[in-house]
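In: coords please:
(3 chains)
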Amino acid sequence: MATIAGTLAQPTQSGVWSWITTVDHKRIGVLYGVTGFSFFLWGGVLALLMRTQLAVPNGTVIESDRFSQLFTMHALTMIFLAIMPMGAGFFNYMIPLMIGARDVAFPRLNALSYWTFLGGAMILSLSFLFEAPGGGWFNYAPLSERPYSDGLGIDFYVVGLLTLGLSSLMAALNFAVTIINLRAPGMTMMRMPVFVWMTFVISILLILALPPLTVGLIQLLFDRQFGTHFFIATEGGDPLLWQHIFWIFGHPEVYILILPAMGIVSEVLPTFSRKPLFGYPAIVFSGIAIGVLSWVVWSHHMFTTGMGSVPRAVFAVNTMIIGVPTGIKVFNWLATLYGGSIRFTTAMYFAVAFIATFTIGGISGVMHASPPVDSQHQDTYFVVAHLHYVLFGGAIMGIFSGIYYWFPKMTGRFLGETLGRWHFWLLFIGMQMTFFPMHFLGIAGMPRRIYTYDDGLDWGFWNMFATIGSYVLAVSLLFFIWNFFRSMRREPSAPANPWDAPTLEWGTSSPPPEHDFDAIYTVRSREPLWYDRDHGIAAPVATGEHIHLPPPSYYPILIAIGITLLGVGALSHLAISALGGVIAFYGVWGWALEPTD
Amino acid sequence: MAHAPAVAHGGAHVTSTGTENRKLLMWIFLGSECLFFGSLIATYLVFKHQVIERGIGPFPIDVTIDGKVEHGIFDIPLTSTSTFVLLMSSVTMVLAVYGAHQHRLKMMKLGLLSTMLLGLVFLGFQVYEFRTFGHEGLNLTTNMFGATFFLLTGFHGTHVGVGVLYLGSLLAASFRRNGLGRETGEHVEIAGLYWHFVDIVWIVIFTVLYLIP
Amino acid sequence: MAHGAEHTEQEHGLRPMQYVAIGAGLAVITIIELWISYADLGSLMVPLLLGLSAFKFVVVVGWFMHLRFDHRLYTQAFAASLTLGVLVTLALLTLYWGDAADSIRGYREWLNSG
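Out: Numbers count the residues shown, from 1 in each chain, chains lettered A, B, ... in the order given. Reported below is the predicted structural model:
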């Protein structure tokens, strides 16, 4: 991985050790991005296996237990190991550049959060060698409890998510402080690019939503290891409590997945329409409103659990209200396109497709907001269609848009536009073919998570159709990978600002030097580079003063190894946990005493 | 807002809002901890009445089942004493912070040391309480009161333990040749924020668990 | 204890004796709380205890943790999170103690009836 990653940035030092000890936000961003994309491919393989099994009635490719593990791991991989880290890759690389800073507030903490993420990802993924979790990503009790899931699978889930949660918490704290405190002169909050705003909202959501999940996971861990009965009804516990706790985290998490894509699209559309974003304050406040409202809708995942009529009504109304700020954003994006002199690059294709497919997913989401309708949709393929329109058609489309958009900045090279078109159209068509028929299947009554179905149910045709679509999707990704390696073999040719974009990350060379900016910008507008261009203001010139960069450190990876061993010990032998604890403690001491000046 | 951060990482450099990065990090982290303890307290309260309805003791308070009075397990005077100890540790902590800011290092070290000791005394009380409850038949698996109580107070105790280690590390480091360096005040103040937070969580736990029947 | 206003005197915060006085005040409140929990005050008891506890909370956060004298941003960050934590806790309790509790009780009876 290091070799692929090594070609992505332009390091002054190279070699594996320099990557292990790096505290440079750009390199950590690349590590996040490459790791996230690798897991995206892995999650895709799991999905293809499932689609192959479901292609025909009474399929015999995969048996039922393995199928449960596949859909569980597919969801966990895509959510925690693909979309979130790919988003984190962009945060890491772009946020300091976009706010005109030279690094994040806590460079070593940044490295620590990446290595902890890698440890958690390893724990979760290597579960396949023993027993993968098979309780769904939501892992409902009491199925997740010892009497019903005796193997190691659920323990892998608990330990993996606790580790990943710790990593996300560290990253989120870091980015919240970075965005609040490291902005360039003149970069007021209301001049920050929308992507920075969305990162800020996500950071706050993560900081506040992860603790409830942690509590739930710890309670589940105690149930399984120490004989408590938090979620076992016959012993006085309550399985619904797990659902509440999980979704108190789970619903903000949904917006944690989609807001980065909304931020990316809000950067791409103005650049390629050559006009400022329409209704910037409305988009920013909509993002904040989504962040706030995401806390009061969690029980719409639980309409069929018998909560009583008043809670159902309250959560139904809240859920419909959260559609409003989302709708505001969609109309603002459309208004940004209106009257612009549009350049249809591949990044723009993905951004426009994002608006369309995300809107479809958003509308089916509003349908579920109505409890009686939801009672019909609950646990059918209709919900699968909805969530994939939002997460694939939304989050993944946005991320690809970001990859094409920022690739020249990150590598100094362009991705091929022709191959990019192939990638886009195959992905777009494949996506519609795979997920649109799932609406029909859901309405026709096909339940989620079944590993096979009978011949006479009439679900065969659309299932086969969806399976073909998923293979088209897979082929489109091959075009992307080809495109990537083809570009990487070329000489760097990208100028500092190839798209004539307005935001600060384009104000330094492509790829940026290790210290990001030779001289710090003074920001005078929401579109600083356009403002400077139109007012004839030259870029700031380096004063020649010494630029201090934090030195590399191996303590982050050491502490992360300690944390990972702590988790591994909980799954195997406590001696390993003890070893992990010692390593982590030693690492923290070394970290605290290490000079950073 | 007018000044650029000259150096782009933590420390007492000029920032966009004039707040210190590390201190801001700690405050936001404490906000996160609010949700953590909030969830634990909510879990405790959710099961509180249901434990009595099911009728499997021991219970936190006196309960009459089939005409027989089951005595509550809480020992309020004992817990009040440990609450007092933790409260006093906040006073010594704030004096340590004062000493650190004023470069009165002896006061700082004394403050840190007494805060640690008071924290350890609090933990001693907790160990004693847990053992007593165990002898009276309450453990994690007895009923939901046991599970939620031990989880909540246990995690609070863990936080106190981490705090003792945190303060102990600062104290040990302050004996080095350069002490805690230029940022002594900031380091001790941030540790103090953590310690006081652990104290206010206990203020809430003491009222909600022990005092309100 | 603090010998006048030295040049290192903080522009914010209190002097040591003032902190000790606050600590003594908090201890007194704790004793009052203890008294309330034993006295028979009927329906006044819970609001009184919650009120006193909140008061102690605010004093520690405001003075011991310096929020009273510090940058507004710290207060905003902490107060917002605290509010959310309290609201989520209350929402969860409402779901369990209110309308929803009946459904849960019914479910449990159904489970216990076999």
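
In: from now on I want contacts and neighbour counts done on CA atoms only, so please keep to that.
Out: Noted.

In: quick one: the strands in chain B, in order.
Out: B:63-65, B:68-70 (DSSP state E).

In: how much space is there between the residue in the stretch 451-597 of chain A that chain B sits nearest to and A:S525?
Out: Proximity of the stretch 451-597 of chain A to chain B (CA to the nearest CA) peaks at A:H548, 6.4 Å away. Counting by CA to CA, to the nearest Å, the gap from A:H548 to A:S525 is 28 Å.

In: cool, A:G216 as well?
Out: On the measure of CA to CA, A:G216 and A:S525 end up 45 Å apart.

In: just want to know which of those two has more residues nearby.
Out: Between A:G216 and A:S525, counting by other CA atoms under 10 Å in any protein chain shown, A:G216 is the more crowded of the two (26 against 18).

In: could you list the domains of chain C?
Out: C:1-70, C:71-114 (automatic domain parsing).

In: out of the ones you listed, which gets nearest to chain B?
Out: In terms of CA to the nearest CA, the element of these nearest to chain B is domain C:71-114, at 4.7 Å.

In: got the contact list for stretch A:311-323?
Out: With contact meaning CA atoms under 8 Å, 6 or more residues apart in numbering or on different chains, stretch A:311-323 is reached by A:289-290, A:293-294, A:296-300, A:303, A:362, A:366, A:369-371, C:95, C:99-100.

In: so for that stretch, what's the average pLDDT?
Out: In this model, stretch A:311-323 carries a mean pLDDT of 93.

In: kindly report the same for stretch A:572-586.
Out: Rounded mean pLDDT across stretch A:572-586 is 94.

In: low pLDDT regions in chain B?
Out: Applying pLDDT under 70 to chain B flags the ranges B:1-13.

In: residues contacting the residue lying closest to B:I56 once chain neighbours are set aside?
Out: Nearest residue to B:I56 in three dimensions, chain neighbours excluded: B:N143, at 6.7 Å (CA to CA, 6 or more residues apart in numbering or on different chains). By CA under 8 Å, 6+ apart, the contact set of B:N143 is A:H229, A:E235, A:G236, B:V51, B:I56, B:G57.

In: quick one: whatever residue of the stretch 401-550 of chain A ends up closest to chain C from A:I355, how far?
Out: The stretch 401-550 of chain A approaches chain C most closely through A:V523 (22.6 Å), counting by CA to the nearest CA. With distances taken as CA to CA, A:V523 is found 30 Å from A:I355.

In: assess the claim that A:R146 and A:R224 are in contact.
Out: Yes. Counting by CA atoms under 8 Å, A:R146 touches A:R224, with 5.4 Å between them.

In: is it true that A:R183 lies in a helix?
Out: No. Under DSSP: H, G, I helix; E, B strand; the rest coil, A:R183 sits outside any helix and is assigned coil.

In: number of nearby residues for the residue lying closest to it once chain neighbours are set aside?
Out: Leaving aside its sequence neighbours, A:R183 sits nearest to A:I99 (CA to CA, 6+ apart; 5.0 Å). A:I99 is flanked by 27 other residues according to other CA under 10 Å.

In: I figured A:I99 hits A:P185, correct?
Out: No. Judged on CA under 8 Å, A:I99 makes no contact with A:P185 at a distance of 9.3 Å.

In: dump the residue contacts of A:Y521.
Out: Per CA under 8 Å, 6+ apart, neighbours of A:Y521: A:G100, A:A184, A:P185, A:A539, A:P540.
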